[in-house]
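Peer 1: here is my input; please provide its structure:
(chains A and B)
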Amino acid sequence: MDTKWKKSKSIIGFLAFLLGVSLLLEGALFFGTKLTSSGSRRWISDSFASDWRDTTEFRGFVSSRLERLITMGAGGWAYSGFNYYGDYDWGDGNGPAPSSGAERWAKGAHERMKEDKNILYRVEKEGETLYSNSDTLTASTTAAQLPEGYGFLLQFDGEKVRAWKDGTELDLYGDGYYRFTSIDEPYQWYIPGYKNFTVDEAGSKVKVTMAVINSPQIFIKGSYGSSGSNEYNELYYLKRNLGAYREEIMGHAVRTGVGAGLFLVYLLLRKDKKRADMALARGTRKIWFEVKVLAAVLLVFFCLPRPEYLGDIWQELTYAYAPQASASAEAIPGDVYLNGDIIAELEQNGISYEEWLTENGFYDSYNIPLVEQTTSIGTAVAILSENGGWLLREYLGELADHIPGLLAVFWGLYLLIFNDWRYNKRPWRRGVIAMLAAWGLDRPVQKRLSRVCGVTAMTLLLLGAVNMNLLVYASSYRGGVPLETVWVIVTPAALLMLVCAVLIWRLHRLWTDFGAVADQAAAVRAGELERELALQENSDLSGLADDLNHIRQGLHQAVEERTRSERMKVELVTNVSHDLKTPLTSIISYTELLSQEPLEPPASEYVQIMGEKAQRLKAMVQDVFEVSKAASGQLPVKLERLDYARLLRQTLADMGQAIDNSGLTLRAAIPEGEVPITADSDRMYRVFQNLIGNALKYSLPGSRVYLNLTVEGGQASTSVRNTSAAELKPGADYTARFVRGDESRTDGGSGLGLSIAESFTRACGGTLTVSTEADLFTAVVTFSIEQ
Amino acid sequence: MNETILVVDDDREIVGAIAAALEKEGYRILRAYDGMKAIDLALDPDLRLILMDVMMPKLDGLSAVLRIRERRNLPIIVLSAKSEESDKVLGLSMGADDYVTKPFSMQELMARVRSQLRRYTRLGDVNTAPAGQIVSGRLTYDPDKRLLSADGEPVKLTNIETGIVDLLMRNLGRVFPAEEIYRRVWGEEAWSSEGTVMVHIRRIREKIELNPREPDYLKVVWGIGYKMEKK
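Peer 2: This next block holds a predicted model:
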């Protein structure tokens, strides 16, 4: 239950994040582009105006309608908003055919406008009504006399214009001067009557009265006699568009608000959302890195709008590289001026430049290069930098029209790149290149080398991707891309990638061989001398491998020889010690028998000496036998868990008498508790018997011997320290066989005591180290503590 | 006493030395210098004990011991230059009653001979123990009388020593730390009991072991404690 809730919480958190960010992104783009564009700003303020008749749109519309009506009255031609259709069949019973073109046009305009009762009008000239669609409306109609539903009245008296809205007269002229207003300022009434905007002779004879309905309707008059129905209701659509625009903005605002709310939900659940992220990352981890990058690149390519002006920039770039031949061509003569509007129109109609030029007869008469002359990348850069802000706004505007694509790119990158890199450590390790580069390499040095190359390969791959990107964008350019340019851009990149691939292939072989050589060296060091190192044919490292093989062979032989001689030595010593024991048995036995015979004083002393020496010889033979066995690793040990501290206490108790007799003082410091180690009980007794025995034997008379057991860091160490009677030779290896502190002394012992102690300790898994400082002799026996 | 002992060794001087020592003690001696001869002489009905060397020409000592064992049940002490534990175990498992390593001390050898003879002649079959008594090799302990005998001879022990022997004999083969021995024998806790216990152990050894320096029964397990060997 709990985990279920946890799971749904993370799903909720993630969905809130997804939706919230999507909505916020959309809102940000929408408002960002609308608020930075002055035209849109005016539209926004218009659509939110409390009265639609206070808007710039309304003023503009009424101004242009007035202009047309005056023109109709004055006998001129107006073009805006209406097309002149040429000859028109006026034989519809509406009176005689117009005499002049201007009159024909005016009549036509009137025909189109008159059914639109949103605007009532009357055009008079010198007191005679020319055109009107209302019987009630006269030049003398006041605001109060307007028909029901009409609140706006405008009168032109041949000089000036007056207007009333809902009975109140409006101030139309301000300070009396007409200025060109930029598009984002409130629109001035474009009407005659300013001090700098007056009426001509013909116009001054015209009087126009207009009344505008409060709520525009659709008026349709079927004109089935001529060419079907006509609809004229611009004012209706004007008002409706303002409302629709307001609703659109409101809709965006609501969605952005919802997005912000969802984002808040996400903030509250961000820990749960993180779990969802991690789950997603676990999913994306399984995908190869290259696939992810490629998918991301393709997403960017196909889901983002490709701005067309990039094509223009591309054009600049390509012609910078284009053959110089075009520069020698004649320039376009001044009277053939191709402006942006014509180009846009041609584009819209799918007509190419050349076609247009040919059709219009330009192509034959002039040798015209297809484009304006641009000869440097610098120009392109200049264009970019000068128009950067505009380009950006333009692009943002395009993005705002491609919200689904943009969201796809955004979330695709979030999932494949951002989230993946955030929770999956080093995602590039799970990729084809990484796997190929690291294939069969597991030494740290190899990995480091392959990583360096991996970075290079990745960089080149990225470069290649950028190139692809450029090509894709270039292909969107209408004029196509010159082949030379493709070569210039693609060839170096392709070459680089090829070289890199070959390099990595070569290097990979080197690394593999290097690893094999290193492995072999490690194996030789570990004593594995049988294996022959075989590298691939003509490897860079074959010389090194050959050397290593020779070293290994030499070592192998040496080790075998040593093992054989060691074995022989042990056999020899064993045999000799057995052979020595037989005569020694006789000597000891007869000496013993002899000592039981009644002998005169000097003879009895001799017998005693013989007995002692025979006993020493016996001890030495036994020691030699044991030490040679131990040295060859053939000493049998019976390992068991025992108490190091107790071992020492027992040994001291056992040797108590010897210690007392030695005249030395033994200071022992052994901790109270148990110190468990694993060793052979009897062998360890021999070790300490020998160490303490040595100390007693070789110490300065009356000096102190120290025995300390210390436990530190899982190691238990016993040190036996004594002051030597004889001078110690610095640097002598006392654990070597037959080395004694005092070379001249012959009664000491076999010289094997320390050697035996060292061998036994080693056989039990411990270490014995001997150090000397001045005359202080220290032996330390260390074992690991058993847990 | 006129017990006959067979001494076998390919080294005549060693045979001579042993014979001299044994004759001094009043034994009758048979001499053999190889395994085959030993088997022949082992048929002597008066024979009571054999001292047998291991490494000999013609037939080695251990094989001879095996062959003799097929016909006669008498104590055999093996003498060998091989001092390894494994050699001893091998010798004893082939039918030897005791194993003495060369070079040996004549005194110890005499003690071992006496011990084997006493057990063989006085106690008869060594394998049958009197009811209620604890037997380990040469040692017999009567828990009721708190009496320890070695080779059938009662051993004189002090109260403390009897306490230690009682504890160890009742638990043959078990290793006791010094503190436990002290607690159970002395009946009180002790801080440094190792030295005290060791002194008594050594005294008991002097009384029951043939060679107190290389004890067969009362042994120290270094780093753990003390035990009475089960044989």
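Peer 1: show me what contacts whichever residue of chain B sits closest to chain A?
Peer 2: Across chain B, the shortest distance to chain A (Cβ to the nearest Cβ) belongs to B:Gly223, at 3.0 Å. Glycine gets a C-beta too; all of them are placed from N, C-alpha and C. For B:Gly223, the contact set (Cβ atoms under 8 Å, 6 or more residues apart in numbering or on different chains) comprises A:Leu642, A:Asp643, A:Tyr644, A:Arg646, A:Leu647, A:Gln650, A:Ile677, A:Ala679, A:Ser681, A:Met684.
Peer 1: and chain B, which of those reach it?
Peer 2: Restricting the contacts of B:Gly223 to those touching chain B (Cβ under 8 Å from any Cβ of the partner chain) yields A:Leu642, A:Asp643, A:Tyr644, A:Arg646, A:Leu647, A:Gln650, A:Ile677, A:Ala679, A:Ser681, A:Met684.
Peer 1: for the residue of the stretch 501-650 of chain A found nearest chain B, name its beta-bridge partners.
Peer 2: Closest contact between the stretch 501-650 of chain A and chain B, by Cβ to the nearest Cβ, is at A:Leu642 (3.0 Å). Taking DSSP bridges as the rule, A:Leu642 bridges to A:Ile677.
Peer 1: about what we covered before: which helix or which strand is home to the residue of chain B closest to chain A?
Peer 2: For B:Gly223, there is no helix or strand it lies in under DSSP states H and E.
Peer 1: and it, what pLDDT?
Peer 2: If you check B:Gly223, the pLDDT there is 89.
Peer 1: chain neighbours aside, what residue packs nearest to it?
Peer 2: Spatial nearest neighbour of B:Gly223, chain neighbours left out: A:Leu642 (3.0 Å); criterion: Cβ to Cβ, 6 or more residues apart in numbering or on different chains.
Peer 1: pretty sure the one you found is touching B:Ile224, no?
Peer 2: Yes. Between A:Leu642 and B:Ile224 there is a contact at 5.2 Å, judged by Cβ atoms under 8 Å.
Peer 1: quick one: common contacting residues for those two?
Peer 2: Joint contacts of A:Leu642 and B:Ile224 (Cβ under 8 Å, 6+ apart) are A:Ser681.
Peer 1: hmm, back to that, quick one: which of the contacts of B:Gly223 sit in strands?
Peer 2: Counted as lying in strands by DSSP state E, out of those, are A:Leu642, A:Asp643, A:Ile677, A:Ala679.
Peer 1: tell me, how many residues neighbour the last one?
Peer 2: So that's A:Ala679. Other residues within reach of A:Ala679, judged by other Cβ atoms under 10 Å in any protein chain shown, total 27.
Peer 1: can you pull the pLDDT of it?
Peer 2: Per-residue pLDDT puts A:Ala679 at 92.
Peer 1: still on that earlier bit, which of A:Leu642 and B:Ile224 has more residues huddled nearby?
Peer 2: Using other Cβ under 10 Å, the more surrounded residue of A:Leu642 and B:Ile224 is A:Leu642, with 24 against 18.
Peer 1: so what pLDDT did that one get?
Peer 2: On the pLDDT scale, A:Leu642 is placed at 91.
Peer 1: check A:Ala139 too.
Peer 2: On the pLDDT scale, A:Ala139 gets 78.
Peer 1: so which bits of chain B are right by chain A?
Peer 2: Counting by Cβ under 8 Å from any Cβ, the residues of chain B that sit close to chain A are B:11, B:13-14, B:17-18, B:20-21, B:24, B:55, B:81-86, B:102-107, B:177-178, B:192, B:194-195, B:197-199, B:220-225.
Peer 1: now, which of those residues lie within helices?
Peer 2: Counting by DSSP state H, the residues of chain B next to chain A place B:13-14, B:17-18, B:20-21, B:24, B:85-86, B:106-107, B:178, B:194-195, B:197-199 in helices.
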